[in-house]
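*Asks:* 3D model of this:
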Amino acid sequence: MTTTTLAVLVPLLPFLGAVAGLLLGRTAPGFVRPLAVLPVLAAAALAVAVAVRQGGGKAIDAATQLTPTGSVPIDLALYIDGFAALVAVLVGVVATCVQVYSTGYLREDPRYPSYAALVSLFTSAMLLVVYSGDLMVLLVGWEIMGICSYFLVGHYWETPEARAASLKAFLVTKLGDVPFLIGLFALAADAGTFRITGVLGAVASGGLDHPTLIALLLLAGVAGKSAQFPLHTWLPDAMAGPTPVSALIHAATMVAAGIYFTARLLPVFAESAAAMTVLAVMAAITMVGSALAALAQDDIKRVLAYSTIGQLGYMAGALAVGDRGAAVFHLLSHAAFKALLFLAAGTVIHAAGTNSLTAMSRMSGLAKRVPDAYWTMTVALLALAAIPPFAGFFSKEAVLVAAEHTALGDRTVAPAGAGWTVLVAGLLTALLTSAYALRLWLRTFRGRGAEAPNHGRQPLAMTTVLWVLAIPSLGFGLTVTYLDDWFDGNALTPTLTTAVLGTGLAVAGAAVTYAVWRTLAARTPAAAAQAPAPHVAHPDADAGLVEAEALTLPQPAEDPADPGRALLGPLHGPAADGFHLDAVYRTAFVRPVLAAASLVRFLDREVVDTYVRAAGTSAKGLGWLVRRAQTGNVQTYLSALLAGSVVLAIVAVALANAAGA
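*Replies:* Numbers count the residues shown, from 1 in each chain. The predicted model follows:
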């Protein structure tokens, strides 16, 4: 079988699995789990085969015309270089882990068939984005992911939080997709083609007439999809969906799409120094702001959500300094440990039987009760904090090294100012990341909250996935010396300067956080006084529904032993609320739109409807008059006819006299 045929099957198999799952979910429920796992697993295996055949060498490029357009053609094209081959493997592996994990986590969920089918469709759409060689076909996968996220985040539609979160995610990403679509059309108009190879060829020959405008329009879509400032606000709220969905979105699909797209078309962005500077500033604000927000959250899933935003900021920063190899390397590394973090958090929720335990201030005794989650989450947090030799250290160092080279003028793809911006923000974020990572670990596994009842050992499908993901979280970075050919030939190994600075700041952030925590813990009595975590009877694997129902629980009281509150000081309140960006959006956009809608409704009801009602009333009145004239009396009709004839005669005589005069 040719490599092209294998590549076509990679996104096709999950799509067919999704269709079959939707059709057979009710009539043949015994096939639901095999149809959820096996097609995605087969796609992952085929993606590995494609990657082995591609081997980091010459890109695989094949196309057939999809439809004649009469102007810019649209092709059903594949373009698989080293980046695409590795990212497809990542998507397949993480999606397989999520599907296997979900068989235990949502074992008794009545909507599991539709959930599993949507996860497969989500996976298929991302694989289409990864392998597509035509921008219009890529856009199809891009938009399918948007609608899949809407349904998956709103899986528990019984709760207002899930409904609001799904709608917010859809609308905010669409806000970026509108200029993104315009940018794609403008790019195709300048390049004369939607084919990625044609676009890159036009860039190389100087064929783009409006590079800055195109790049800025495309960046709007990237900011929405990959949750970059200022369109990142949807991602923390998306935690209302099932935890495995969070793992899929944050690790391998939707948020990775914007970074991957930018990496694929990086020469387009590099044509504009202004666009690269904007991307650098956007990445810097995203990194630092999200790290501060993560340090202030009490909900473990919201901490991880803001962590994802910050790590995506690192990837965007690498792209802003012109190194797509560093960006994709961190994308691959981050996918492993972030999927592990979310799935371990899901194991904690499943063990407790109530979503209230996502509030870290209520956690207690979890290290012994969920040892698999404890040890694997420890590995993932060390990777997140970029402690050597874990995967995050090598990939984050690749970003810092790229920023250093640009700042010092060794690379001229981007302005030196962009390099300094990313480097300083990246180092500061390294300090904050280790602080909130250790805070999460201490409060989750060493907390003194009210302990929830123990619901027993977790399903093997869940715990096995945790250990599978722990392997790349620990060892993927050690492959850095073997990946140069896959990443444009650029070396990704750390340098002494950035390694010492980055690791030193990470250790310092962790040390300060631990010292503050010990001091506060010594001053604070044991949490016996805290309100016990509300208990919901745990119907085994129906924890997902319990998770959704418990989202309406009141927030816990302030925890005096929280090191984040002490470290942030007066900044804690704004950081906990996401620096009030949602309030700004409500004031600047939501309220004006609602006011305009109210005005339109008023005009429709009081003006337009008034004319409509008046027209109806007039016709009704005229009908009443006509009806009154129809008496059925012949004498009345003859009298009216005679009177009318007299009137007409008088008028005729008057007109004749007037004409004669």
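*Asks:* Quick check, pLDDT for the residue nearest the centre of the chain.
*Replies:* Nearest to the mean C-alpha position of the chain, by Cα atoms, centre = their mean, lies Val255 at 4.3 Å. pLDDT recorded at Val255 is 92.
*Asks:* How about Val590?
*Replies:* The model's pLDDT for Val590 equals 86.
*Asks:* Mind checking what secondary structure it has?
*Replies:* helix (DSSP: H, G, I helix; E, B strand; the rest coil).
*Asks:* And it, how close does it get to Leu175?
*Replies:* Counting by Cβ to Cβ, to the nearest Å, the separation of Val590 from Leu175 is 12 Å. Glycine gets a C-beta too; all of them are placed from N, C-alpha and C.
*Asks:* Could you do Arg26 as well?
*Replies:* Arg26 is 36 Å from Leu175, by Cβ to Cβ.
*Asks:* cool, Leu431 as well?
*Replies:* 32 Å.
*Asks:* Which helix or strand in the protein has the lowest average pLDDT?
*Replies:* Using mean pLDDT, DSSP states H and E, the weakest-scoring helix or strand in the chain turns out to be helix 543-549, at a mean of 44.
*Asks:* Based on its surroundings, how many neighbours for the closest residue in space to the residue nearest to the centre of the chain that isn't next to it in sequence?
*Replies:* Spatial nearest neighbour of Val255, chain neighbours left out: Ser226 (5.0 Å); criterion: Cβ to Cβ, 6 or more residues apart in numbering. Ser226 has 28 neighbours, counted by other Cβ atoms under 10 Å.
*Asks:* Also Ala385?
*Replies:* Applying other Cβ under 10 Å, I find that Ala385 has 25 neighbouring residues.
*Asks:* for Leu638, same thing?
*Replies:* Neighbour tally, Leu638, other Cβ under 10 Å: 10.
*Asks:* and it, how far is that from Lys225?
*Replies:* With the distance defined as Cβ to Cβ, Leu638 ends up 82 Å from Lys225.
*Asks:* residue contacts, the closest residue in space to Phe342 that isn't next to it in sequence?
*Replies:* Excluding the flanking residues, the one nearest Phe342 by Cβ to Cβ, 6+ apart is Ala247, at 3.7 Å. Neighbour list for Ala247: 94, 97-98, 101, 338-339, 342-343, 346 [criterion: Cβ atoms under 8 Å, 6 or more residues apart in numbering].
*Asks:* any low-confidence regions in the protein?
*Replies:* Along the chain, the parts satisfying pLDDT under 70 run over 69-70, 352-358, 364-365, 448-457, 525-559, 661.
*Asks:* Show me the strands in it, by range?
*Replies:* 60-67, 74-80 (DSSP state E).
*Asks:* Mind jotting down where the helices sit in the stretch 251-400 of the chain?
*Replies:* 254-264, 266-270, 273-296, 300-320, 324-352, 366-369, 371-384, 391-407 (DSSP state H, counting those that start in this stretch).
*Asks:* any residues touching the first one, and which ones?
*Replies:* The set of residues that contact helix 254-264 without belonging to it, under Cβ under 8 Å, 6+ apart, is 83-84, 87, 91, 122, 126, 129-130, 138, 141-142, 145-146, 149, 196, 218-219, 221-228, 235, 249, 269, 279, 308, 312, 315-316, 319, 324, 327-328, 331, 335.
*Asks:* Pull the distance from it to the chain's centre.
*Replies:* The chain centroid and the centroid of helix 254-264 are separated by 11 Å under Cα atoms, centre = their mean, to the nearest Å.
*Asks:* Same check on the second one?
*Replies:* Using Cα atoms, centre = their mean, the distance from the centre of helix 266-270 to the centre of the chain it belongs to is 23 Å.
*Asks:* Give me the buried positions along it.
*Replies:* 266-270 (16 or more other Cβ atoms under 10 Å).
*Asks:* before we move on, what about stretch 56-65?
*Replies:* For stretch 56-65, a neighbour-count test (16+ other Cβ under 10 Å) marks 56, 59-60, 62-63 as buried.
*Asks:* Okay, Ala566 and Thr524: tell me how far apart.
*Replies:* 11 Å.
*Asks:* cool, Val512 as well?
*Replies:* 18 Å.
*Asks:* returning to that earlier point: so the residue nearest to Val255 sits right up against Ala316, yeah?
*Replies:* Yes: using Cβ atoms under 8 Å, Ser226 is in contact with Ala316, at 7.1 Å.
*Asks:* show me what contacts the residue nearest to Leu279 when sequence neighbours are not counted?
*Replies:* Distances taken as Cβ to Cβ, 6+ apart place Ala320 nearest to Leu279, at 4.1 Å, with adjacent residues excluded. By Cβ under 8 Å, 6+ apart, the contact set of Ala320 is 276-277, 279-280, 282-283, 414, 418, 421-422.
*Asks:* likewise His580?
*Replies:* Residues near His580 by Cβ under 8 Å, 6+ apart: Pro574.
*Asks:* cool, and Ser333?
*Replies:* Going by Cβ under 8 Å, 6+ apart, the list of residues near Ser333 reads 383, 391-392, 394-395, 472, 476-477.
*Asks:* Of the contacts of Ala247, just say which sits nearest to Thr243.
*Replies:* Nearest to Thr243 out of the contacts of Ala247 is Gly346 (Cβ to Cβ; 3.4 Å).
*Asks:* number of nearby residues for that closest one?
*Replies:* 30.
*Asks:* Check whether it really touches Tyr105, as I assumed.
*Replies:* Yes: the pair Gly346 and Tyr105 passes the contact test of Cβ under 8 Å, sitting 5.9 Å apart.
*Asks:* what touches both of those two?
*Replies:* With Cβ under 8 Å, 6+ apart as the test, Gly346 and Tyr105 both reach 242-244, 462.
*Asks:* follow-up on the earlier one: with neighbour numbers in mind, choose between Val512 and Thr524.
*Replies:* Val512 (17 against 14).
*Asks:* Would you confirm that the more buried one contacts Leu567?
*Replies:* Yes: counting by Cβ under 8 Å, Val512 touches Leu567, with 7.2 Å between them.
*Asks:* Next, show the common contact partners of those two.
*Replies:* Ala435.
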